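Asker: turn this into a structure:
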Amino acid sequence: MPQAARRRVSTATTTTRGRVFERAHRTVLIGLLNDCLANEICCVLLYSRRQFLAIRQAGGDSAAQFQQNLSDEQSHADRIAVRIVELGGELECQDKILDSIEGLPLHQAETESDLIRATLAAEQWSIDTYLQVLSHIGDTDPVTRNLVDEILATEMRHAHDLTNLLPGSAPAEPLGSPQSSTSKIAAAD
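Answerer: A predicted model of the protein is given here:
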């Protein structure tokens, strides 16, 4: 999760009551969603690049998987942008894209396995980000929570599918549901 998002979560007002809390919470939530939007835009770029690298290197299953994931990430970005607008926010992710890129593993992969591993690292980064957003949302906004849960489930599926593409790996068990992952984090707090 970008540094700005971490600061937003840690400084969110949780003790204020009424409208002040709602406005403060909404402002923090819109900021977190803009961070997520920046992350998804970066992932669109990442998957686009990786798809063409995979075609050049091997052309096999990974290129098709990258294409599917690219489509999913674009859908995530669109859905997050809609939710920001529904909450009365502005799309303010331009500067945040640079922060998001800093957290992604963008090194040049030399083999298809390296490409898949680097992409898995980016998926894990996204999963961690969405888990932190869910822990902030709690039960205060069921619409946004459902959106983030759905996106998180897709990110977890991406990680599972990519793991299965690694040469010599046994088929991976599907990752736990976002709800079970969130409750594990809550229990650790």
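Asker: buried sites along stretch 154-167?
Answerer: For stretch 154-167, the neighbour count (16 or more other CB atoms under 10 Å) marks 154, 155, 156, 157, 158, 159, 160, 161, 162, 163, 165 as buried. C-betas here are computed from N, CA, C, even on glycine.
Asker: same deal with stretch 37-48?
Answerer: For stretch 37-48, by 16+ other CB under 10 Å, it's 37, 38, 39, 40, 41, 42, 43, 44, 45, 46, 47.
Asker: tell me the pLDDT of the third one.
Answerer: Looking back up the chat, that one is residue 39. With respect to pLDDT, residue 39 scores 86.
Asker: so how far is residue 167 from it?
Answerer: 28 Å (CB to CB, to the nearest Å).
Asker: where do the strands sit along this structure?
Answerer: Applying DSSP state E to the chain gives no strands.
Asker: counting neighbours, which bits of the longest helix seen in it end up buried?
Answerer: Longest helix of the chain, by residue count under DSSP state H: helix 18-57. Across helix 18-57, burial judged by 16+ other CB under 10 Å covers 25-47, 50-51, 53-54, 57.
Asker: by contact count, what packs against that helix?
Answerer: helix 3-11, helix 61-86, helix 94-103, helix 112-137, helix 142-165 (3 or more CB pairs under 8 Å, 6 or more residues apart in numbering; DSSP states H and E).
Asker: any chance of the ones you listed in a markdown table, plus mean pLDDT?
Answerer: Formatted as a markdown table, those follow (pLDDT from 0 to 100):
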| stretch | mean pLDDT |
| --- | --- |
| helix 3-11 | 48 |
| helix 61-86 | 92 |
| helix 94-103 | 63 |
| helix 112-137 | 87 |
| helix 142-165 | 95 |
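Asker: next one: phi and psi at residue 92?
Answerer: The phi and psi values for residue 92, taken as degrees, to the nearest 10, are phi -130, psi 60.
Asker: between the buried residues of stretch 154-167, which is nearest residue 143?
Answerer: residue 154 (17.4 Å; CB to CB).
Asker: just list the residues touching the closest one, thanks.
Answerer: Listed by CB atoms under 8 Å, 6 or more residues apart in numbering, the contact partners of residue 154 are 72, 76.
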